[in-house]
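A.B. asks: Have a look at this fold, sequence not included:
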């Protein structure tokens, strides 16, 4: 269980890896370390687990395929930016 999903789209595996690295570095500076990370920007999907918040960084085709927004569509949305 988690409190929040952050779902975003990257343009390429390298972009997904860079976004993941930026997020982890910035949060680490604030004393927040990831509990677990999968994907590392080579699979089209990077997941960073912060227990209460899980960050999903997708390539567009992978995001469309898994469609987490549809699976969790009844959950309230805090912020949506396109």
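C.D. replies: Structure's in. What do you need? No experiment lies behind these values; they were computed from the predicted model shown.
A.B. asks: How about the contacts made by the closest residue in space to residue 59 that isn't next to it in sequence?
C.D. replies: Leaving aside its chain neighbours, residue 59 sits nearest to residue 44 (4.1 Å; criterion: CB to CB, 6 or more residues apart in numbering). From N, CA and C alone the C-beta is placed, and that goes for glycine too. Neighbouring residues of residue 44 by CB atoms under 8 Å, 6 or more residues apart in numbering: 13, 16, 58-59, 61-62.
A.B. asks: mind running it again at 10 Å?
C.D. replies: Going by CB atoms under 10 Å, 6 or more residues apart in numbering, residue 44 touches 10, 12-13, 16, 57-63, 65-66.
A.B. asks: Of the residues you listed, which count as buried by neighbour count?
C.D. replies: The neighbour count (16 or more other CB atoms under 10 Å) marks 10, 13, 16, 57-59, 62-63 as buried among the contacts of residue 44.
A.B. asks: returning to that earlier point: max pairwise distance over the contacts of residue 44: which two?
C.D. replies: Greatest spacing in the contacts of residue 44, by CB to CB: 12 and 66 (17.8 Å).
A.B. asks: Spell out which residues sit in contact with the nearest residue to residue 16 once chain neighbours are set aside, please.
C.D. replies: For residue 16, ignoring the flanking residues on the chain, the nearest one in space by CB to CB, 6+ apart is residue 10 at 3.8 Å. Residues in contact with residue 10 (CB under 10 Å, 6+ apart) are 16-20, 41, 44-46, 57-60, 62-63.
A.B. asks: contact partners of the lengthiest helix in the chain?
C.D. replies: In terms of residue count, the longest helix belonging to the chain (DSSP state H) is helix 13-29. Helix 13-29 is contacted from outside by 6, 8-12, 32-34, 37-48, 50, 53, 55, 57-59, 62, using CB under 10 Å, 6+ apart.
A.B. asks: Could you tell me which of the residues you listed count as buried?
C.D. replies: 9-10, 34, 39, 41, 44-48, 50, 55, 57-59, 62.
A.B. asks: of the residues you listed, closest to residue 79?
C.D. replies: Once CB to CB is applied, the member of the buried ones among the contacts of helix 13-29 that ends up nearest residue 79 is residue 55, at 13.7 Å.
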